[in-house]
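Asker: Any chance you can model this:
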Amino acid sequence: MWWVMRIICLLTCCLAACTDEVPVEMPDQSPAPPDMAAEPSPPADLAPAGPESITFFAFGDPQYGGGPYDKNSFNVLALNQAPALVWPKGEGFFREGQPVGAPRGVIIAGDLTQNGQSGRDRSLFGEWYVADRYAFDVNKEYGVTVPNNDVRAELGLFLRDYGLRGNDGLSPIRLAWRVFEGYGNHEFDVLQKNAPPYGSDAPARDIVSLRNQVRASWPEMRRFAAGNAGHYSWDWAEVHFVQLNLVGADTPPPAGGDANAKYRDPKQALAFLRDDLAAVSAQRRLVLVMHYGFDDFGREARWWTDAQRQELLDVLAPRQVLGILHGHTHETRRYTVTDPKSGKSHDVISLGSPYYKGQSTNAGRGHFAIFHIEGDHLDAADVAWEPQNPDPDEGDNNLAPFDSDGWGGWKWIK
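Answerer: Below you'll find the model as predicted:
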C-alpha cells in the first residue's frame, strides 16, 4: 500500500429505532436513460458489510482550478484505499475491529470547479487544461446527445478523475465508486462576467442533470428534478437521501452586498424537497446534502437568508433527520442547528475538502468523511491525508506514508 491514513476525528451516535415501513417506490421523472455499459463491480475482498448496512464516503469542494492542481489525484487515491481501514476498538463503534468496507457511493457537496470552466473559449476566458489529453466527450461516455459535448478544462478534469459509475473515469488515477455529486456557488462563476463566453449556460451546474440521465438506471434512485435543476433523491436501505445541490431554497437571495448573488440560483430546491418528501413516510430517516451550511460562513447574506433557512427548517420539523451534510467551508466539524419555532435540533456536518494547503483550517491535509449506518447505529469519521510532494511536476503523483497515530476525536448520542 502506498500510504496509510490518520483519522483526526470520530463520531458515534445511537439513532432512534427504525420502523418496518415498506420503502416507497417513486416514479422516475427523468428521461429514459440510454443503454449503458455494464458497471464495474468492487473488488470481492472489499464487499459491503451487509445488505442492510450503509457505508458511504463524502466530501466537498474538489474545486478544479483552485488550490494545488494535484489535490484531487491524491484524494482519489485516498478514497480508493479507504475500504481497507479498520474501525478501531474501544471507541464505541458498532463495527469496531472490522474493515470499513466498500462504500455504496461517494457524495460530493458542491463546488466541483473553481470557475465553472469547461474549455469552450480558450482566448477570452483564459481557460486552462484544454489539451486533448484533458478532453471528455459526454456524448460518447454517457450515451447522450447534447451540444458542446467536448468538455475540457476544470469540468473535464473532474469528469475524468471522479467518473460516475465507478472505475469509469478516463484518468490514470480514477475513483472506484459511484458518485452522487451536487453543484455549488463556484459553478455559477461563468455567468458573472460582463460578456460571458458561455452565454447563459453554466456547464458545471448543468452536468449534474445530464449525469442524472445515467443515474436514472440505478435501482436506488427515486426522483429527479426537471430541466437543469439537477436535484435528485435515492434510498440506501431504509435511509432516504436528497441532493439539493446549492442549498435548500427556491430562489437566489437579495444581493446582500454581493452583486453576483442573482446568478447563484438554487433552482427551486426547497420545492423539490417538499414534493419528494410528500411521498416518503415521516418515519423514514433522512440525510440532506447541499453546498451551503448553517455555520458563520454559510450564513452570510450573499448565500442565503434567515428567512430561507427557516423555510427549510419548517419542512424538516416533522422529519427524522440523521444529518445535514454540506461543503463550502473547507473544514471538517460537526455542529447543530436549532429550529427556533419547533425547538428541534439537527446534526450538521461540514465536510472537509481535498485542499491540503491554502486553507488555514486544513494544516497541510486533505479531508473526506466515512459514514456507516447499521440498525440503530451511526459511525462516522473524518479522514485526513497528506501528500509527500505537495507540488510535484505535472504527471507525478507520489504519495508519502501518512501519519498512522490512530483515531481520535468526538462522539455524540442522538
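
Asker: What segments of the stretch 1-150 of the chain are helices?
Answerer: 71-81, 138-142 (DSSP state H, counting those that start in this stretch).

Asker: Now do the very next helix or strand once past the shortest one: everything it contacts.
Answerer: Under the assignment DSSP states H and E, the closest C-terminal helix or strand after helix 138-142 is strand 150-151. By CB atoms under 8 Å, 6 or more residues apart in numbering, the list of residues contacting strand 150-151 from outside reads 118-119, 135-138, 159, 203, 207. Bear in mind the C-beta positions are built from the backbone N, C-alpha and C, glycine included.

Asker: List the strands paired with strand 150-151, with their directions.
Answerer: Taking DSSP bridges as the criterion, strand 150-151 sits next to strand 136-137 (antiparallel) in its sheet.

Asker: Buried among the contacts of strand 150-151? Make that a PyMOL selection.
Answerer: Filtering the contacts of strand 150-151 down to the buried ones (16 or more other CB atoms under 10 Å) takes a single PyMOL command:
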select buried, resi 118+119+135+136+138+159+203+207
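
Asker: Looking at the contacts of strand 150-151, which one is closest to Ala278?
Answerer: Taking CB to CB as the measure, Ala278 sits nearest to Ile207 out of the contacts of strand 150-151, at 27.8 Å.

Asker: follow-up on the earlier one: highest average neighbour count across the helices of the stretch 1-150 of the chain?
Answerer: helix 71-81 (a mean of 22; mean count of other CB atoms under 10 Å).

Asker: Export only the CA atoms of that helix, formatted as CSV.
Answerer: Extracted in CSV, the C-alpha atoms of helix 71-81 (Å, rounded to 0.1, in the frame of the first residue of the first chain):
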residue,chain,number,x,y,z
LYS,A,71,-5.1,17.7,-4.7
ASN,A,72,-7.8,15.6,-6.4
SER,A,73,-5.4,12.9,-7.6
PHE,A,74,-4.3,12.5,-4.0
ASN,A,75,-7.9,12.5,-2.9
VAL,A,76,-9.0,9.8,-5.3
LEU,A,77,-6.1,7.6,-4.2
ALA,A,78,-7.1,8.0,-0.6
LEU,A,79,-10.8,7.3,-1.3
ASN,A,80,-9.9,4.1,-3.2
GLN,A,81,-7.8,2.8,-0.3
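
Asker: and it, what other elements does it pack with?
Answerer: In terms of contacts (3 or more CB pairs under 8 Å, 6 or more residues apart in numbering; DSSP states H and E), helix 71-81 is packed against helix 153-162, strand 366-374, strand 377-385.

Asker: any idea which of these is most buried?
Answerer: Ranked by mean neighbour count, the helices and strands packed on helix 71-81 are led by helix 153-162 with a mean of 26 (mean count of other CB under 10 Å).

Asker: That one to helix 71-81, inter-axis angle?
Answerer: Between the axes of helix 153-162 and helix 71-81, defined by axes from the mean of the first three to the mean of the last three CA atoms, to 10 degrees, the angle is 20 degrees.

Asker: could you point out which element follows helix 153-162?
Answerer: For helix 153-162, the succeeding helix or strand toward the C-terminus, using DSSP H and E, is strand 179-182.

Asker: returning to that earlier point: just send the helices of the stretch 1-150 of the chain back as a markdown table, with distance to Glu181 too.
Answerer: Output for the helices of the stretch 1-150 of the chain, formatted as a markdown table (distance: least, CB to CB, whole Å):
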| stretch | distance to Glu181 |
| --- | --- |
| helix 71-81 | 13 |
| helix 138-142 | 14 |
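
Asker: Lowest mean pLDDT across these, which one is that?
Answerer: Mean pLDDT is lowest for helix 71-81 among the helices of the stretch 1-150 of the chain, at a mean of 91.

Asker: Work out the gap between it and the centre of the chain.
Answerer: 14 Å (CA atoms, centre = their mean, to the nearest Å).

Asker: And for stretch 221-234?
Answerer: That offset, for stretch 221-234, works out to 15 Å (CA atoms, centre = their mean).

Asker: Use 20 as the first number from now on
Answerer: Let's use 20 as the start, then, which means that last one is stretch 240-253.

Asker: so how far does that stretch reach from one end to the other?
Answerer: 4 Å (CA to CA, to the nearest Å).

Asker: give me the beta-bridge partners of the closest residue to Leu178 other than its chain neighbours?
Answerer: Among residues not flanking Leu178 along the chain, Phe155 sits closest, at 4.4 Å (CB to CB, 6 or more residues apart in numbering). Beta-bridge partners for Phe155, by DSSP bridges, are Val170.

Asker: wait, Phe155 sits on Glu173?
Answerer: No. With contact defined as CB atoms under 8 Å, Phe155 does not count as touching Glu173 (11.3 Å).

Asker: Identify the residues contacting His386.
Answerer: If you count contacts by CB under 8 Å, 6+ apart, His386 has them with 27, 78, 350-351, 370-373, 401-404.

Asker: repeat that with 10 Å
Answerer: 27-28, 78-80, 94, 97, 349-351, 370-375, 378, 380, 401-404 (CB atoms under 10 Å, 6 or more residues apart in numbering).

Asker: So how do I select the buried members of those residues in ChimeraX?
Answerer: In ChimeraX, a selection of the buried entries from the contacts of His386 looks like this (16+ other CB under 10 Å):
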select :27,28,78,79,80,94,97,349,350,351,370,371,372,373,374,375,378,401,402,403,404
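
Asker: that older thread, indicate which one of the helices of the stretch 20-169 of the chain is closest to Ser252.
Answerer: Closest among these, using CB to CB: helix 157-161, at 20.5 Å.

Asker: name the helices or strands packed onto the closest one?
Answerer: Judged by 3 or more CB pairs under 10 Å, 6 or more residues apart in numbering; DSSP states H and E, helix 157-161 is in contact with strand 169-170, helix 172-181, helix 222-234.
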